[in-house]
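Enquirer: generate a structure from the sequence data that follows.
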Amino acid sequence: MSGRVSDLVMIGLPVTEAWGSLLKHIREGVWVLDADGHVLSSNTIVERWLEQPRLRGTSCSEWIVEPSNWAEEGEASVEIRSASGIVRKVDMVTEALKDDKGQILGFLQVFTDHSTGRAFDAVLVEEVQRMARLAGEDPLTGLANRRAFDEALNHVRTDQSRRFGVIVIDLDGFKSINDSYGHRVGDRVLIAFGERIKGLVREDDLVARIGGDEFAVLLPHVTMVGLTEAAERLRDGLVVELDVNGSPLRVRGSVGYAHSGPDPATVVERADKWMYQHKATRESGGISALAEEEERINRRVG
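Expert: Sure thing, here's the model as predicted:
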């Protein structure tokens with residue numbers, strides 16, 4: 001603002017369309033006063049604060065609690081009082097509007113309510129954080145989703161000195177549960193499985209739902225022995241029992257795991273392959289060559 005009268009503001013004349021548009025969309029409260037302190041124009045922000053839709057013609061001294069310095073250029077902290085008596089603390093910036101000879105014709109004043117700004121910023125930050133959580137959270141189980149799991153996995157894979165493990169879990173017969181009992185029961189099973197997995201691993205381990213009925217656990221800073229123990233704990237304890245219309249429903253999961261030692265880039269694929277092999281082996285009652293090979297590799301990197 002130059003401090004001179006321009007084609008946007010003509011003291012004593014109607015405000016131009018461009019100036020009116022600026023007043024309408026700016027977030028701060030704004031009004032234009034004549035040389036005696038009477039309101040010539042105002043935006044909806046300050047009108048709403050003062051609970052007065054028709055400020056034109058009123059004196060600024062009616063609204064500023066201590067108006068003695070209202071005409072002083074620069075910044076000041078003041079209080080304004082609404083028509084119903086509500087007092088609001090604001091920062092006021094005053095700039096004189098002058099003609100070519102330096103004669104003061106009026107004043108432009110901008111009011112900033114920092115309490116409102118802080119409240120707005122707090123709400124905005126909270127919303128951004130909420131969206132960030134949703135972006136990395138499975139909406140059904142509340143666990144991490146595939147995106148969050150992959151980001152965490154990439155993070156630990158870039159640290160060559162860090163040993164980690166991955167456990168992959170797949171529910172047995174989940175399709176038949178959905179077909180027989182419906183998706184609402186299926187959702188209950190998934191939620192219960194997620195909670196059960198969390199209860200069987202360490203607090204620092206990341207549990208994620210990475211597919212429809214597939215879960216994964218990322219175990220940072222774990223030896224092969226610790227990983228094997230965690231996988232066995234899941235194999236033994238990962239059973240969910242639900243009551244469905246008075247009848248018991250018992251669901252288990254198949255577990256596969258792999259350590260970062262042999263090849264961090266393929267750790268998920270190896271765990272996934274072993275999980276499916278474990279599922280087939282359990283169903284057939286035999287021991288797969290793939291599982292034996294995985295055991296040999298794991299023993300070397302333990």
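Enquirer: list the contacts of the residue in the chain sticking out farthest from the centre.
Expert: The C-alpha centroid of the chain is most remote from Lys101, which lies 55.1 Å away (Cα atoms, centre = their mean). Not one residue lies near Lys101 by Cβ atoms under 8 Å, 6 or more residues apart in numbering. Using the backbone N, CA and C atoms, a C-beta is placed for each residue, glycine as well.
Enquirer: buried ones in stretch 39-52?
Expert: Of all the residues in stretch 39-52, those buried under the rule 16 or more other Cβ atoms under 10 Å are Val39, Leu40, Ser41, Ser42, Asn43, Ile45, Val46, Glu47, Trp49, Leu50, Gln52.
Enquirer: is it true that the fourth one touches Leu33?
Expert: No. Between Ser42 and Leu33 there is no contact under Cβ atoms under 8 Å: 9.5 Å.
Enquirer: before we move on, the earlier item: just give me the closest of the buried residues of stretch 39-52 to Glu75.
Expert: Taking Cβ to Cβ as the measure, Glu75 lies nearest Val46 of the buried residues of stretch 39-52, at 16.8 Å.
Enquirer: from Ile169, how far off is that closest one?
Expert: 60 Å (Cβ to Cβ, to the nearest Å).
Enquirer: what of Leu234?
Expert: 7 Å.
Enquirer: looking at those two, which has the bigger crowd around it?
Expert: Taking neighbours as other Cβ atoms under 10 Å, Leu234 and Ile169 compare with Ile169 leading, 27 against 21.
Enquirer: need the max-distance pair from the buried residues of stretch 39-52.
Expert: Within the buried residues of stretch 39-52, Leu40 and Trp49 form the most distant pair, 17.9 Å apart (Cβ to Cβ).
Enquirer: packing partners of the strand or helix carrying Leu105?
Expert: Applying DSSP states H and E as the criterion places Leu105 in strand 104-112. In terms of contacts (3 or more Cβ pairs under 8 Å, 6 or more residues apart in numbering; DSSP states H and E), strand 104-112 is packed against strand 29-34, helix 44-50, strand 87-98.
Enquirer: out of the ones you listed, deepest packed?
Expert: Greatest average neighbour count among those goes to strand 29-34 (a mean of 22), per mean count of other Cβ atoms under 10 Å.
Enquirer: how many residues are close by Gly85?
Expert: By other Cβ under 10 Å, the residues close to Gly85 number 7.
Enquirer: my guess is Glu203 is in a helix, correct?
Expert: No. Read with DSSP: H, G, I helix; E, B strand; the rest coil, Glu203 is coil and lies in no helix.
Enquirer: quick revisit: what's the overlap in contacts for Leu234 and Ile169?
Expert: Between them, Leu234 and Ile169 share these contacting residues under Cβ under 8 Å, 6+ apart: Ile197, Val217, Gly253, Val255.
Enquirer: run through the bridge partners of the third one.
Expert: With beta bridges defined as DSSP bridges, Gly253 has these partners: Leu171.
Enquirer: kindly report the same for the second one.
Expert: Beta-bridge partners of Val217, counted by DSSP bridges, are Ile167, Val207.
Enquirer: all helices of this structure, in order?
Expert: 17-25, 44-50, 114-135, 146-157, 174-181, 183-200, 224-237, 267-284, 289-301 (DSSP state H).
Enquirer: quick one: list the elements packing against the fourth one.
Expert: Using 3+ Cβ pairs under 8 Å, 6+ apart as the contact criterion, the elements in contact with helix 146-157 are strand 206-209, strand 214-220, helix 267-284.
Enquirer: take the ones you listed and lay them out in a markdown table including mean pLDDT, mean neighbour count and distance to Ser68.
Expert: Shown next, in a markdown table, are the helices and strands packed on helix 146-157 (pLDDT from 0 to 100; neighbours: other Cβ atoms under 10 Å; distance: least, Cβ to Cβ, whole Å):
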| stretch | mean pLDDT | mean neighbour count | distance to Ser68 |
| --- | --- | --- | --- |
| strand 206-209 | 93 | 24 | 62 |
| strand 214-220 | 93 | 24 | 65 |
| helix 267-284 | 77 | 18 | 72 |
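Enquirer: of all these, which one is nearest Ser59?
Expert: Using Cβ to Cβ, those put strand 206-209 closest to Ser59, at 64.1 Å.
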